[in-house]
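Peer 1: Return atomic coordinates for the entry below.
(chains A, B and C)
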Amino acid sequence: MQKFRFPKSERIKSRKQFEKTFIIGKKLSSINQLFRCSYLIEDFKGDPQFESNIKVAFAINRKSGKAVWRNRVKRILREIYRLNKLPLKEILVQKKKSLSFIIFSYKLNESTHKKISLKNFEKDIVELFENIKKEIESL
RNA sequence: GAAUUUUAAUUUUAAUUCUUCAAUCAAUUGGGGAGGAAAGUCCGAACUCCGUAGAGCAGAAUACCAGGUAAUGCCUGGGGGUUGACAAUGCAAAUUGUCAAUUACGGAAAGUGCAACAGAAAACAUACCGUUCCGAUUCACUUCGGAAUAAGGGUGAAAUGGCGGGGUAAGAGCCCACCAGCUCGGUAGUAAUACCGAGGCUUGGCAAACCCUAUUCGGAGCAAGGUCAAGUAAAGGAGAAAAUAAGUUCCGGUUCUUUACAGUAAACUUAUUACGAGGCUGCUCGUCUCGUCAUUACUCCAGGGUAGACCGCUCGAUUCCGAUGGUAACAUCGGAACUAGACAGAUGACUACCAUCUCAACAGGGAUACAGAAUUCGGCUUACUUAUUUCCCAU
RNA sequence: CGGAACGUGGCGCAGCCCGGUUAGCGCACCACUUUGGGGUAGUGGGGGUCGCGGGUUCAAAUCCCGCCGUUCCGA
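Peer 2: From the prediction side, this is the model:
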């Protein structure tokens, strides 16, 4: 069960790191253009037991909806990440790399997606993860 | 955040064990964890800093009366107005009463201004059609001139109180009754106001037009403000204005020397006035600070760095219950409770069960509001679910 | 947290201060004329909840209040 946790060390906490991954990192978008992803792969030297080799953040545009709705989107994204992160982590340990990435909304709106659930977004995000995984494997 | 356990490292100790303090990684346990509007940011405060807040003008806000409150532009009660319903009176118009809703409700007899079109005239009134009298003219109808007249006509949102009677050449508050309005007096009420009486006989509307009157208002806001750590730059541009008096130091001159005298290249102190810059909201006064010839300092412009941690930060005009006072808002007293404090910013996934509605014989499926604290309170406004109450409309 | 501006035919703007007679202008659109045809030019025409809801007034795009949306500025 420990493997599915989502501790604080796996989140991007500082402003500098966030801006670095957002501006320098490569960009991917899902098939239906709802989400985009910005990610950055670096060499990892520390011990994976004490230091996390993966860092995540989720960002939703302020103009796309109201606060309650935005919070719910973020919760669902976190849940999807928590359930699907394992293959990514294994690859990273094998290749001795670290990954930091941000998932942000692109063409997602409260008016078009008023009622949202986990199943709506799971395919898009998992597809993004697989694309990143392929990129790491090719290195 | 708490407790327990584990790991690594440090300090104390001769060493081990034990104990203590601080920090980090991980695990386990059982707790706490968004709202009535957390929203909009429209008012009012608390708190914090800047600072003295002095005067006048300007500006902004508020505006029937009384009470409540920390305070308010909020709330409660009362009064007046408006609207609706019902009842009574009445031929009707309407009036009165009850109930409900609503109300930015000071001043139009301080001044200025505005009112399209229509109309004679839109405010010191005025004579278009009319009405009456007098004079002239004509055979007569008529026409012309002068005077009086707002009762009638038409226009308009609005026409100088309404309506009836008397009166008159025709008319007119010219006179009278009733109604409306104004002023004065009395009665009731804390007051707004209501009722009664008298007077004179009128004063149109718009201040959410300018304005006048009264009252209130120092500014900025938790990115307030404070502590610690880390770290960069001190570099660029622009700017204004001086004299006088006294004293001290130093330098030079005259003199044998001291004293004294004169001079001013330099530095400083004090005083006076002047000027400049800045602060005190915008302006004026007033006042305070600094400066007055300088690769200094000051002011302004432009620019650079940091944005990590902690405090502020949640016990408060707090919440709940009860009693007493008050028509009520609310107040006082007693008891009990502690109820988010984040910083990329908090509740998710799956399963089971319950309620309501719905598709539906059952089973099964679907749906179940508005919406997320950011220093904290009191209101207001807006969004919306369910329940209850009142009023209106329909059957 | 504090402050400011804007919303008018499909598009870009006037009009609002100081309320009034039919809400104008340019581009675009439609029809007709000119041409062998098209363009150009000319003539005529259609198209407006004046962001929404109240209020003041005889009368509101205009004045006042409350919402909604957009944009900008400062800390």
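Peer 1: List the buried residues in the lengthiest helix in chain A.
Peer 2: Looking across chain A with DSSP state H, the single longest helix is helix A:118-138. Residues of helix A:118-138 classed as buried by neighbour count (16 or more other CB atoms under 10 Å): A:Phe121, A:Asp124, A:Ile125, A:Leu128, A:Phe129, A:Ile132, A:Lys133, A:Ile136. All C-beta atoms are positioned from the backbone trio N, CA, C, and that covers glycine.
Peer 1: State the mean pLDDT of that helix.
Peer 2: Here helix A:118-138 scores 81 as its mean pLDDT.
Peer 1: Can you give me the separation between A:Lys20 and RNA strand B?
Peer 2: Per CB to the nearest atom of the strand, to the nearest Å, A:Lys20 is found 10 Å from RNA strand B.
Peer 1: The helix or strand hosting that residue packs against which elements?
Peer 2: Secondary structure from DSSP states H and E places A:Lys20 in helix A:15-24. Under the contact criterion of 3 or more CB pairs under 8 Å, 6 or more residues apart in numbering; DSSP states H and E, helix A:15-24 touches strand A:35-43, strand A:54-59, strand A:97-105.
Peer 1: That one to strand A:54-59, inter-axis angle?
Peer 2: In terms of direction (axes from the mean of the first three to the mean of the last three CA atoms, to 10 degrees), helix A:15-24 departs from strand A:54-59 by 80 degrees.
Peer 1: so who does A:Tyr106 touch?
Peer 2: Applying CB atoms under 8 Å, 6 or more residues apart in numbering, we find A:Tyr106 in contact with A:Ser29, A:Gln33, A:Leu34, A:Phe35, A:Arg36.
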